[in-house]
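Visitor: structure for the following, please:
(one chain, ligands or ions: 1)
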Amino acid sequence: MDLCENFELQTTLVPLLLLFLCPILALAQRSAAEIGGSAPRTHLYYIAAEEVLWNYAPHGRNLAGVPHPETEEAGGAAGASGGTSTYLKAIYREYTDATFLTPKQRDPRWEHLGILGPLIRAEVGDTIKVVFRNKTKLMCSMHPHGLEYGKDSEGALYLDGVEGSAKKGSFVPPGGTYTYIWQVPERSGPGHGDGSSVLWMYHGHFMEGKDINSGLIGPILINARGSSKPDGTPIDVDREFITAFAVFDESNSWYFEANLSRQKKPPMTIRRGDPVARLPFLIYTINGLIEGNLPALTMKKGERVRWYMFASSNDDDVHTPHWHGETAISNHMRTDTIQLTPMGMATADMVADNPGTWLFHCHNNDHFEGGMVALFKVLP
Ligand SMILES: [Cu+2]
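Guide: Numbers count the residues shown, from 1 in each chain. Prediction:
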């Protein structure tokens, strides 16, 4: 074949080849764009509910040095009944595999989650699979907000006409294991007007109030399609913090009687909702930690910081998280104070410009004086 013939062959074949390949290339390009250049993933978590002695003030009392009357009157009793800060509780913790023998080390970025369960995170289009082991003596479940699930993965017990094996996820007995499958469709991700990620949470929903007051609650973050870095964080964010403004009503915990007995207090019955009798048992925490015990939330000047905040589910859980020294954008508005109602969620974006150590606290006076106080640090 001489050069001329070769050229003729090329001129015939190349357009034919292009004709054949172009639609395939276009299709591949389109689907890559649609999924943001990353294929849908299944995120597998091994999460156990387990009993612990939880100290609401592991490093000491009033570490933020906020003068408040209860501290002086009751000898440092503010925020935890009778001066004690240690309670038997049930919490969610992550394990490395299905043997549930090796606890998974918490990423240093998420040490501040405190009592909260492990962070579950995914991107729109992904699937979340949680192998759940109940290591407590209670009936337990995991019920997620915002995600898509069938009755077998709702994790909540009520009369919905569904029976038997299809509802097993709503009451996992002591020692039992159950696998929840949660989908992450578009409607679980950021809506019009949201940033690149949204906060949800999961919690026990066998007897919801008692479960959450016992400690069974954790966070979920969902990124918009195609907006995640390889480590799962949003591409337009440098640092993230999750803070649950959570009152724990120890009089409405599964361990109320056990804790009274541990603390050598006489047994007592509190009428459900009695506002006065339960007062000494309300503990005003951020992520289950009081009075500046939350590990300092640290960022550098100029970093793009996303704060996710939510409230727990007691009627006392009406909170106003407030930053000193900085401002943020939430709901497209400039603010330094967020409003949360029970199980409410909020996101705020901050570019810290004012180096220093600053107070981050609930602006509800009873809560502030009761210990719902943390510090955050902005490095130069
Ligand atoms: Cu508050």
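
Visitor: tally of neighbours for the closest residue to residue 152 other than its chain neighbours?
Guide: Leaving aside its sequence neighbours, residue 152 sits nearest to residue 166 (Cβ to Cβ, 6 or more residues apart in numbering; 5.2 Å). Heads up, the C-betas are built off the backbone N, CA and C, glycines and all. When counting by other Cβ atoms under 10 Å, one arrives at 14 neighbours for residue 166.

Visitor: sec struct for residue 166, please.
Guide: With DSSP: H, G, I helix; E, B strand; the rest coil as the basis, residue 166 sits in helix.

Visitor: quick one, what contacts the residue lying closest to residue 330 once chain neighbours are set aside?
Guide: Computed as Cβ to Cβ, 6+ apart, the closest residue to residue 330 that is not its neighbour in sequence is residue 348, at 3.9 Å. Neighbour list for residue 348: 306-307, 309, 328-330, 335, 338 [criterion: Cβ atoms under 8 Å, 6 or more residues apart in numbering].

Visitor: pull the most distant pair out of those residues.
Guide: 306 and 335 (14.6 Å; Cβ to Cβ).

Visitor: which of those two has more neighbours?
Guide: Comparing residue 306 with residue 335 by neighbour count (other Cβ under 10 Å), the higher total belongs to residue 306, at 23 against 15.

Visitor: what's the span of stretch 311-324, first residue to last?
Guide: Distance between the two ends of stretch 311-324: 20 Å, counting by Cα to Cα, to the nearest Å.

Visitor: typo on my end, it should be stretch 212-222
Guide: One end of stretch 212-222 to the other measures 22 Å (Cα to Cα).

Visitor: what bridges to the spatially most central residue of the chain?
Guide: Nearest residue to the geometric centre of the chain (Cα atoms, centre = their mean): residue 219, 1.5 Å. Beta bridges link residue 219 to residue 201 when assigned by DSSP bridges.

Visitor: for it, give its distance to residue 162.
Guide: 28 Å (Cβ to Cβ, to the nearest Å).

Visitor: same question, residue 319
Guide: In terms of Cβ to Cβ, residue 319 sits 35 Å off from residue 162.

Visitor: which one of these two has more residues nearby?
Guide: It is residue 319, of residue 319 and residue 162, that has more neighbours when counted by other Cβ under 10 Å, with 30 against 14.

Visitor: give me the nearest residue to the more buried one, chain neighbours excluded.
Guide: Counting by Cβ to Cβ, 6+ apart, residue 319 lies nearest to residue 245, which is 3.9 Å off, once chain neighbours are set aside.

Visitor: what about the one you found, which helix or strand?
Guide: Using DSSP states H and E, the element containing residue 245 is strand 239-249.

Visitor: now that strand: mean pLDDT?
Guide: For strand 239-249, mean pLDDT rounds to 97.

Visitor: can you check stretch 277-285 too?
Guide: Averaged over stretch 277-285, pLDDT sits at 92.

Visitor: buried residues in that stretch?
Guide: In terms of neighbour count (16 or more other Cβ atoms under 10 Å), stretch 277-285 has its buried residues at 278, 281-285.

Visitor: in strands, which of those fall?
Guide: With strands defined by DSSP state E, the entries of the buried residues of stretch 277-285 inside them are 282-285.

Visitor: tell me the contacts of the residue of the stretch 151-300 of the chain at minimum distance from the ion?
Guide: Residue of the stretch 151-300 of the chain nearest the ion, by Cβ to the ion: residue 245 (5.2 Å). Listed by Cβ under 8 Å, 6+ apart, the contact set of residue 245 reads 285-286, 309-312, 317, 319, 321, 340, 362, 367, 372.

Visitor: need the max-distance pair from the residues you listed.
Guide: For those, the farthest-apart pair by Cβ to Cβ is 310 and 367; their separation is 14.8 Å.

Visitor: ok, now which ones touch whichever residue of the stretch 201-350 of the chain sits closest to the ion?
Guide: The minimum distance from the stretch 201-350 of the chain to the ion, using Cβ to the ion, falls at residue 319 (3.3 Å). By Cβ under 8 Å, 6+ apart, residue 319 lies in contact with 245, 311, 338-340, 362, 364, 367, 372.

Visitor: out of these, which are inside strands?
Guide: The strands, defined by DSSP E, take in 245, 311, 362 from those.

Visitor: about what we covered before: could you check how far the residue of the stretch 201-350 of the chain closest to the ion is from residue 194?
Guide: On the measure of Cβ to Cβ, residue 319 and residue 194 end up 21 Å apart.

Visitor: surely residue 222 touches residue 187?
Guide: No: the pair residue 222 / residue 187 is not scored as a contact, 10.3 Å apart, by Cβ atoms under 8 Å.

Visitor: low pLDDT regions in this protein?
Guide: Applying pLDDT under 70 to the chain picks out residues 1-37, 68-83.

Visitor: the ion contacts on that one?
Guide: Within the chain, the positions lying close to the ion (Cβ under 5 Å from the ion) are 319, 362, 364, 367.

Visitor: most surrounded residue in these?
Guide: residue 319 (30 neighbours).

Visitor: re earlier: let me know the closest of the ones in strands among the buried residues of stretch 277-285 to residue 112.
Guide: For those, the minimum distance to residue 112 (Cβ to Cβ) is 12.4 Å, reached by residue 285.

Visitor: so who does that closest one touch?
Guide: 56, 79, 114-115, 244-248, 371-372.

Visitor: show me which pair in these is furthest apart.
Guide: Maximum pairwise distance among these (Cβ to Cβ): 15.5 Å, between 79 and 244.
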